[in-house]
Every structure is written in structure tokens, then in C-alpha cells.
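In: any chance you can model this:
(one chain, ligands or ions: 1)
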Amino acid sequence: MTSDPIRLGIAGLGRGFMLTLPSLLADPRIEIVACAAPRENSRQAFLSQFGGRAHATIAELAADPDVEAVYIATPHQMHREHAELLAAGGKHLLIEKPLAVSMEDATAIVNAAKKAGVYLITGPSHSFDQPVLAARALIDEGRLGKARMAHGLNYTDFLYRPRRPEELVTEQGGGVIFSQAIHQIDVIRVLMGGSALAVSAMTGAWDSARPTEGAYAALIQFDEGRFANLVYSGYAHYDSDILQDEIGELGTPKDMSEYGAARRALASVSTPEEEAALKSTRTFGSSENPSMAPNAEHFGPIVVSCDRADLRLTPKGIEVWADTERTFIPTPADPSPRAEVLKGLYEAIRNDAPPLQAGTWGRASLEVCHAILESAREDRHIILRYQS
Ligand SMILES: NC(=O)c1ccc[n+]([C@@H]2O[C@H](COP(=O)([O-])OP(=O)(O)OC[C@H]3O[C@@H](n4cnc5c(N)ncnc54)[C@H](O)[C@@H]3O)[C@@H](O)[C@H]2O)c1
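Out: Sure thing, here's the model as predicted:
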């Protein structure tokens, strides 16, 4: 263990926390010391695995003097209330994506962190994946020229994974824009550098039983005529992990013979309550902790076109398609797939060196989500105002 690990509290022991848990456990920079969770069985499971203190409310976690920083992994619409309480208690904040649902709530979170003088980092998001950060570093070296165009596509079963009712209502943060586009936007903003200027997009909501956006295509304009094109479908048909060496989003090998599993599992429930209960079988204390993934995480195939090379990001590294030769730069998931976000938290708190995804970063990405929805709804180009 690092001599002075961050004493971390966890707010919300659900699915998001479960996915980050293997990386938290593997990281010597982090010591999990407390949690806040409304469910008694989750608190008991927490105490038996980690010891420390298991609080019933966020207010108690905010008042816990031994906690330095809190990973907020509660539902999106609660992030503001929880961030305000925790910042007022002097806790640094690592907040799951999206930072909030409304821009008003995102601004309130940014202001609360600023007022309390605590760090605010939005993550984990796939912009912390090692291949993304390695590609950014390669572009920053300058020898490949500028990143001119980026293309991201992802075809998943997102809309057919078990959901809480509000996860299917766009106004409450449901659908693929707030939970999935936010990853692609974060990744593309890291790779393209600088601020996005404007967005044109179309969205699809094609299943009346799950009446929120399940698909989108967005064209994002950056400075100097640079641009990115993002395409996503969560309708559980084509699976673009087949283009990623059959490695899933979380860095684990995917069994392609399980085609259709998400829709089949969902067919076993008939009410929203049963569906929410199915989701909760995948949360902390209700199932085994996931094992450590052998590869980096990813969010679908990404290609970045620079002046002198195209970079293709894979879960194992970066293919560099330069003028006269092709090379491969491996980026092992070492020591864990989510190590970079934890390193970012540590470096911010211990060395005053926050990652790119700190401060107003999460609000700027959220603004792009809203611009996608607004552009599609109003059939127009949306100018962005909160990029910095
Ligand atoms: N980065 C990722 O890979 C990833 C994956 C899944 C979810 N997430 C994010 O995590 C967040 C939560 O989503 P989820 O899918 O884990 O939902 P979830 O329903 O599985 O988990 C939410 C948890 O919050 C708890 N909670 C609710 N109210 C609380 C309160 N007042 N105090 C403390 N805990 C409370 C619930 O009991 C539950 O355990 C969302 O913002 C989502 O976008 C991120």
C-alpha cells in the first residue's frame, strides 16, 4: 500500500460501484474506509468486506472525519444533492458520469466544489481508458500533426439491460444520451483537445416499450475546422465488440455465443418493479464481485485521423497507420482497467495535479449531451457555451 492512500468513502453500492470495485481493491493509492447506503444488506456486506463504517445517509458520510474523498455512484438525479452535502463536509468528489442530468444541477455541483475548495472529478468514464490517454499523449508529442477528425461507433445491448423506471425516461436522465453518449463525448473531447464548438445530431427512440433514446448520430465541430462523428445504438442487435477482438466494454473477453442474452433475460420480467429487482441482483452484496479484467476497458471502435497518421484504438493498444508503415503501441491494463481515474484522484488530492476531467469538465460534456437532444428535437445546429 502507498504510505498515504486516499481514505475513500463510497456513496451508493450499486452497479456502477461494482464495476469500479476490482480497480479500487487493486489500487494501493486507495483505501476504502466508509460508505453510505440505504439498504441494510448492502451495509452489512460492506462491513464484512471492508470493515470501516457503513452509514445509512449521505449526511452521516459527509460528517465522517476519517473520509477524505467520496466516490458518488448514486443515480444521476441524486448527484447534486449528494455532492452539495459532501462538499460542504469538506470531501473531495469523484462523481460518476454524467455529472448531473440538468445543466442547472451541474453548475450547482461545480459551484459547491469551488466554494468548499475541494477537487471535483467526473469519472470513471471511458476517457480514462489507457488507450485513450496513450493516444492523447502520442498526439501531444506533435510528430503526427493535429487530430483533425475522430470517428466513434458503438453498438451494444444498453437499452435491454435491466433498468430502474427512471432510466427509461429521458427527462429524468434515462436513455443512451446521458448514460452512453457521455462516455463517447468524454473520449472524443480528450482525443481532439480543446473545446467543442457546436453539435448537429439526430436521435432514435424506436421501441415504444422502452420509450427513450436508444440511438443517435452526432457531428461535433471543434476549432480550425476539426470534427468528430459519433454513432451509437443500444438496441441489442449488431454488437461492435466483434470489431474489438471480441473484448467487452469492461476489458473482459466476450462470449459471442451468448447473442441475445439481454433481451432474453428481460423477457423474464413483466413489471417495472420486477425489472428494477432484476437490476438490483447485479449490485454490491447481491452478487459476486466482478473479477479483474485482463485488458483495458473501451467504448467501441475509435479512429482518430491526424495529419500524418490514423490512430485506431483497441482494448490492447493503439494501431498507428502512418504514411509508410503500420505499428502497434500496446497499452496493458496495468495495474487495473480503472487505474487512471484513481491515479487522477490521488494526484489531485496529494500533489495538486488534477486530471483533465476535473472542475468544469463534466459540465462541458453534459452540455454536449443536451445539445444532441436539442439538435435532434429542433432540427438545428446547437452552439455550445460551457466548454472551457
Ligand atoms: N462508469 C460506469 O461504468 C458506470 C456503470 C454503471 C453505472 N454508472 C453510474 O453510476 C450511477 C449509479 O447507477 P447504477 O447503475 O449503479 O444504479 P444502481 O441503481 O445499480 O445503484 C445506485 C445505488 O445508489 C443507492 N442509493 C440510492 N439512494 C441513495 C442514497 N440516498 N444514499 C446512498 N445510496 C443511495 C442505491 O441503493 C443503489 O445501490 C449513475 O450515475 C450511472 O451513470 C457508471
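In: could I get the full set of strands for the stretch 1-150 of the chain?
Out: 6-11, 30-36, 53-55, 69-72, 92-95, 120-122, 147-155 (DSSP state E, counting those that start in this stretch).
In: ok, and which of the ones you listed has the densest surroundings?
Out: strand 120-122 (a mean of 28; mean count of other C-beta atoms under 10 Å). For every residue, glycine as well, the C-beta is placed using N, CA and C.
In: and the strands of the stretch 1-150 of the chain as JSON lines, adding mean pLDDT and distance to L230?
Out: Putting the strands of the stretch 1-150 of the chain into JSON lines (pLDDT from 0 to 100; distance: least, C-beta to C-beta, whole Å) gives the following:
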{"stretch": "strand 6-11", "mean pLDDT": "98", "distance to L230": "30"}
{"stretch": "strand 30-36", "mean pLDDT": "98", "distance to L230": "32"}
{"stretch": "strand 53-55", "mean pLDDT": "98", "distance to L230": "39"}
{"stretch": "strand 69-72", "mean pLDDT": "98", "distance to L230": "26"}
{"stretch": "strand 92-95", "mean pLDDT": "98", "distance to L230": "22"}
{"stretch": "strand 120-122", "mean pLDDT": "98", "distance to L230": "18"}
{"stretch": "strand 147-155", "mean pLDDT": "98", "distance to L230": "5"}
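In: burial count for the residue lying closest to S268 once chain neighbours are set aside?
Out: Nearest residue to S268 in three dimensions, chain neighbours excluded: L278, at 7.7 Å (C-beta to C-beta, 6 or more residues apart in numbering). Neighbour count for L278, taken as other C-beta atoms under 10 Å: 16.
In: pretty sure L278 contacts A265?
Out: Yes: if you go by C-beta atoms under 8 Å, L278 and A265 touch, sitting 7.1 Å apart.
In: which neighbours do the two share?
Out: By C-beta atoms under 8 Å, 6 or more residues apart in numbering, L278 and A265 have these common neighbours: P162.
In: flag every residue of this structure that's near the ligand.
Out: Residues of the chain lying close to the ligand (C-beta under 6 Å from any ligand atom) are 11-16, 19, 36-39, 58, 73-76, 78, 96-97, 124, 164, 179, 279, 283.
In: show me which of those residues are buried.
Out: 11-16, 19, 36-37, 39, 58, 73-76, 78, 96-97, 124, 164, 179, 279, 283 (16 or more other C-beta atoms under 10 Å).
In: who's sitting farthest from the centroid in this structure?
Out: T324 (35.7 Å; C-alpha atoms, centre = their mean).
In: doesn't that one lie inside a strand?
Out: No: secondary structure of T324 (DSSP: H, G, I helix; E, B strand; the rest coil): coil, not part of a strand.
In: any idea how far it lies from the ligand?
Out: 39 Å (C-beta to the nearest ligand atom, to the nearest Å).
In: which SSE is the residue nearest to S268 in?
Out: helix 272-280 (DSSP states H and E).
In: who are the packing partners of the helix or strand just after that helix?
Out: Under the assignment DSSP H and E, the closest C-terminal helix or strand after helix 272-280 is strand 302-306. The contact analysis (3 or more C-beta pairs under 8 Å, 6 or more residues apart in numbering; DSSP states H and E) places strand 302-306 against helix 130-141, strand 147-155, helix 182-192, strand 309-314.
In: repeat that for 10 Å
Out: helix 130-141, strand 147-155, helix 182-192, strand 227-233, strand 309-314, strand 317-322 (3 or more C-beta pairs under 10 Å, 6 or more residues apart in numbering; DSSP states H and E).
In: winner for burial among these?
Out: Mean neighbour counts for the helices and strands packed on strand 302-306 (mean count of other C-beta under 10 Å) peak at helix 182-192, with a mean of 26.
In: roughly how far is that helix from the heart of the chain?
Out: 10 Å (C-alpha atoms, centre = their mean, to the nearest Å).
In: repeat for stretch 166-174
Out: Counting by C-alpha atoms, centre = their mean, stretch 166-174 comes out at 17 Å from the chain centroid.
In: tell me which residues in that stretch are buried?
Out: Buried, per 16+ other C-beta under 10 Å, within stretch 166-174: E166, E167, L168, T170, Q172, G173, G174.
In: other residues contacting that stretch?
Out: 75-77, 79, 98, 100-102, 105, 158-159, 161, 163-165, 175-179, 203, 205, 207, 209-214, 272, 275-276, 279, 369, 373 (C-beta atoms under 10 Å, 6 or more residues apart in numbering).
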